[in-house]
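A.B. asks: Here's my sequence, what's the structure:
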Amino acid sequence: MTNETVEPIRATEIPARVGRFAMRFSSTPRGARLARRLTANRLETWDIPYDSTAHDDITLIVAELAANAVRHGRVPGRDFRLTLTAVGPSVRVEVTDTRSEGEPAAHAPSGGGDSGRGLLLVAALSARWGWQPRGDGPGKTVWAEYQLPCRV
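C.D. replies: Here you go, the predicted structure:
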C-alpha cells in the first residue's frame, strides 16, 4: 500500500444542476417578453446568477427563439411552448410553435434592416442548435444547447 491521497472532486467543478421548466405562452410580443422574464427567474433558481454571462446568453437565446415563434411561427389562437432543461453543465432551450411551413435558417439577412439576425445570435451563443418537426401536432421545435462554464 502507498500513502497517496486522492483529492476529491469539488462540487464546483461539476455542476449538479438538474431541472425542467415548461410553459405555454400566447403568441404575442407580451408572451415572448414573459417567456424571457420567467427564464431569467428560473436560471437564478438553478444557481445561474443574474449578473453572469451564462445567464445573459441563455436569456438572449430564449428572447430570440420566442420572438421568432411570435413573428414567424404564429398561428392565430395558438400558443408557443418554451421548455428549459438543465442537466449538469448544459441548458437546453426548446421553443415550439404551431406553424409547419418554413424551415428556420441562420443566414445573413438581406438588405440593411435589423431583422434576420436572431438565429445568427443563437448559433453564435449556443454549443449547437437545430430544429425538428413537432411530435405532437402541427409545427416545429427550434432548440439550442448552451454549455455552462465550470463556474457560473
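A.B. asks: what pairs with the residue nearest the centre of the chain across the strands?
C.D. replies: Nearest to the mean C-alpha position of the chain, by CA atoms, centre = their mean, lies V93 at 2.8 Å. When bridges are called by DSSP bridges, V93 pairs up with L84, A144.
A.B. asks: quick one, what contacts it?
C.D. replies: 39, 58, 61-62, 65, 82-84, 126, 143-146 (CB atoms under 8 Å, 6 or more residues apart in numbering). Every C-beta, even on glycine, is put in place using the N, C-alpha and C of the backbone.
A.B. asks: try it again with 10 Å
C.D. replies: By CB atoms under 10 Å, 6 or more residues apart in numbering, the contact list for V93 reads 39, 58-59, 61-62, 64-66, 82-85, 122, 126, 129, 142-146.
A.B. asks: Selection in ChimeraX covering whichever of those residues are buried, please.
C.D. replies: Buried residues within those, by 16 or more other CB atoms under 10 Å, are selected in ChimeraX with:
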select :39,58,59,61,62,64,65,66,82,84,85,122,126,129,142,143,144,145,146
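A.B. asks: Give me the subset of the contacts of V93 that lies in strands.
C.D. replies: Per DSSP state E, strands hold the following members of these: L82, T83, L84, T85, W129, V142, W143, A144, E145, Y146.
A.B. asks: so what's the nearest residue in space to the fifth one that is not next to it in sequence up against?
C.D. replies: Spatial nearest neighbour of W129, excluding adjacent residues (CB to CB, 6 or more residues apart in numbering): A144 at 4.0 Å. Each residue near A144 by CB under 10 Å, 6+ apart is listed here: 57-58, 61-62, 64-65, 91-95, 119, 121-123, 125-131.
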